[in-house]
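> give me the fold of what follows.
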Amino acid sequence: MAPVKFHTVLSSLSLALALVLGACASNTDGPDTAGGDNNQAGGSGNGSSNGTNNGSGNGTNVDPLAAAPTLRMTANEVVESYRHIHYEFRQPAEHGVSRELTVTQHVEVLIPPGADQDSPVFFLLDNEQDSTVDGLMKTTALLRFFGSKMIYVAAEHRGYGQSLSDSSDQSVPTYVSHEQAVEDAHAVIQTLKKEYRGPWMSIGYSYGGALVTELGARHPEDSDVFVASSAPFLWTSGADHYEGYVRERLGDETFKKAAAVMEMLQPTQMFSPKWENREFMEGVWLGLTQYSWAQPYMGAVSVVLDKPLDEILSTSRTLDESVAGGLATLYAKTRARLRVSREEALAEDYTWRVYHFQQCSDFGVFFTSPSHDGVFLRTLEEHEAECVQMFGEKNVLALDSGAVHWDLFDRIPSYQKANHPKLVYVRGGNDPWQVHGPDAPNWTPRVHHDKYDVYDTEWGVFVDVPNGFHMPDRDDTDVALAMFVEAFRLGGFNSND
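A predicted model of the protein is given here:
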């Protein structure tokens, strides 16, 4: 579920979004943001000490946590006319339990010219990736293109990128879970709200969308609207539905070839070269299935699979590097590492190893074959055994068939309550993960477009993109525009903002 880049923004959309934004833009100069100089958080460290009248430097905890996060500014610079502020939040290993601050969470802020402390805030709760200022600028390219005065904030997920614990050994990152990531986001938002006082929109993509949905249910005060793109709602031990999408995208004949390759790659030893090659090819099937950018290459797959095994692997790795930036290679390489130091985790990308830990310890969703002769040949029992060998038995879920480890459908009633901020959900009709999310409504849409339909629901808005893939708003600016229009409307982002 790795993120992909926005396509080039189309200038023909600028007028439409400008009308939505209205006068959100302020005519003042840049904001008096947290920490005019070095900004070491004052008092308990839960707010800024820059002298602005925002009440954040008085030593009062933002939330009744066992340990309130501390805040430190480590960068304050201009990037492409935006003021870029980099914060380091010191978070507890376990909110509400730990008193010692042992996790450093990295947060990026981009402030456009003309924004002030009452400007709207776009808060991105990142998922399984390294969160960078460059990534934030690409992610928010649509709104920035139209001259929005919105302030952008991206919070890196603990355990990923640079947001690690102090432990020198990151082999078993027990501090990483969706529960703690949600509480991290809550602490960050409540702290930064002291400085950035405008309306807030919280948004997440894929797994990040699931986190945002959980955040809104637990802490509705954090934002005026919550947005989830392609978020799985039901996290079970296994995901045997996924193989059906691989078969559908490849076609029966090519699928049979793919299954034959996976049979040849069945290893006899965990973490052996053959095991790593199998992981790599599983990563290939995942990428080919869920992302729109992979679809033009589907026709070449059958040709590649007619080659000898060594050529299949070498050609696939070449394509993976040139087309997907080596994602499948990284997926396999990092999941094969038994030990990782903090220095290694900071220097290299171990995203998929950390995500594997969460699969084992937190929420499951292991790929299996319902027919046992497809491309995902491991059973849940075999997945569990690998988890135990890599992370230790005490850190591994019981991967029982049908077991539910995280159910966001239980959170929907919260969004149905009066005066509760609403949820905008975006679904792609070709996304394999849609099986784990809410169904499209069966009533007449309020908005019908050639590319999408917009439905009003009791909990918010459902944006259905019938021909879309995973995170379709990142593939198509028309869809992204529709999503933001609905978010602005539900969040009350109007001409008075």
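> how about the strands in the stretch 101-250 of the chain?
With strands called from DSSP state E, counting those that start in this stretch, the stretch 101-250 of the chain shows them at 101-111, 121-125, 151-155, 200-205, 225-229, 234-236.
> I misspoke; the intended subject was the stretch 251-400 of the chain.
Here the stretch 251-400 of the chain has no strands by DSSP E, counting those that start in this stretch.
> how about residue 152: what's its closest non-neighbour residue?
Excluding its sequence neighbours, the residue lying closest to residue 152 (C-beta to C-beta, 6 or more residues apart in numbering) is residue 110, at 4.2 Å. Placement of C-beta: from N, CA and C, glycine included.
> now distance to residue 405 and mean neighbour count too, for the strands of the stretch 101-250 of the chain, in CSV please.
Shown next, in CSV, are the strands of the stretch 101-250 of the chain (distance: least, C-beta to C-beta, whole Å; neighbours: other C-beta atoms under 10 Å):
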stretch, distance to residue 405, mean neighbour count
strand 101-111, 22, 22
strand 121-125, 20, 26
strand 151-155, 23, 26
strand 200-205, 19, 26
strand 225-229, 18, 30
strand 234-236, 5, 21
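> could the ones you listed go into TSV alongside distance to residue 477?
Output for the strands of the stretch 101-250 of the chain, formatted as TSV (distance: least, C-beta to C-beta, whole Å):
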stretch	distance to residue 477
strand 101-111	20
strand 121-125	16
strand 151-155	17
strand 200-205	15
strand 225-229	14
strand 234-236	30
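> for residue 233, grab phi and psi.
With angles defined as degrees, to the nearest 10, residue 233 sits at phi -100, psi -30.
> give the contact list for the residue nearest to residue 152.
Going by C-beta atoms under 8 Å, 6 or more residues apart in numbering, residue 110 touches 79, 82, 83, 84, 133, 136, 137, 140, 151, 152, 153.
> pull out the buried residues from the residues you listed.
By neighbour count, with 16 or more other C-beta atoms under 10 Å, those hold 82, 83, 84, 133, 136, 137, 140, 151, 152, 153 as buried.
> can I assume the fourth one is in contact with residue 79?
Right, residue 133. Yes. When contacts are counted by C-beta atoms under 8 Å, residue 133 is listed as touching residue 79 (6.2 Å).
> about what we covered before: which among the buried ones among the contacts of residue 110 gets closest to residue 411?
Lowest distance from residue 411 to these (C-beta to C-beta) belongs to residue 153, with 22.7 Å.
> returning to that earlier point: could you export the contacts of residue 110 as JSON lines, including pLDDT and distance to residue 104?
What follows is the contacts of residue 110, written out as JSON lines (pLDDT from 0 to 100; distance: C-beta to C-beta, whole Å):
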{"residue": "79", "pLDDT": "86", "distance to residue 104": "22"}
{"residue": "82", "pLDDT": "89", "distance to residue 104": "24"}
{"residue": "83", "pLDDT": "92", "distance to residue 104": "22"}
{"residue": "84", "pLDDT": "94", "distance to residue 104": "18"}
{"residue": "133", "pLDDT": "84", "distance to residue 104": "17"}
{"residue": "136", "pLDDT": "82", "distance to residue 104": "18"}
{"residue": "137", "pLDDT": "81", "distance to residue 104": "23"}
{"residue": "140", "pLDDT": "68", "distance to residue 104": "24"}
{"residue": "151", "pLDDT": "92", "distance to residue 104": "23"}
{"residue": "152", "pLDDT": "93", "distance to residue 104": "21"}
{"residue": "153", "pLDDT": "95", "distance to residue 104": "17"}
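> from the residues you listed, pick the one nearest residue 121.
residue 151 (4.9 Å).
> any idea how far residue 122 is from the closest one?
Distance, residue 151 to residue 122, by C-beta to C-beta, to the nearest Å: 7 Å.
> just residue 404 next, same as before
Applying C-beta to C-beta to residue 404 and residue 122 gives a distance of 32 Å.
> same check on residue 107?
Taking C-beta to C-beta, one finds residue 107 at 13 Å from residue 122.
> list residues touching both of the two?
Taking C-beta under 8 Å, 6+ apart as the contact rule, residue 107 and residue 122 both touch residue 153.
> for residue 89, which three-state class applies?
When classified by DSSP: H, G, I helix; E, B strand; the rest coil, residue 89 comes out as strand.
> count of neighbours near it?
Neighbour count for residue 89, taken as other C-beta atoms under 10 Å: 26.
> check the closest residue in space to it that isn't next to it in sequence and give its pLDDT.
Nearest residue to residue 89, sequence neighbours excluded (C-beta to C-beta, 6+ apart): residue 105, at 4.4 Å. Note for residue 105: predicted pLDDT of 97.
> do the same with residue 51
pLDDT recorded at residue 51 is 32.
> kindly report the same for residue 209.
Predicted confidence (pLDDT) for residue 209: 97.
> my guess is it contacts residue 229, does it?
Yes. Residue 209 is within contact range of residue 229, at 5.2 Å (criterion: C-beta under 8 Å).
> now do the shared contacts for the two.
Counting by C-beta under 8 Å, 6+ apart, the residues touching both residue 209 and residue 229 are 203, 425.
> can you tell me which helices and strands the longest helix along the chain packs against?
Taking DSSP state H as the assignment, the helix of the chain that covers the most residues is helix 273-290. Judged by 3 or more C-beta pairs under 8 Å, 6 or more residues apart in numbering; DSSP states H and E, the packing partners of helix 273-290 are helix 242-250, helix 252-264, helix 309-324, helix 327-335.
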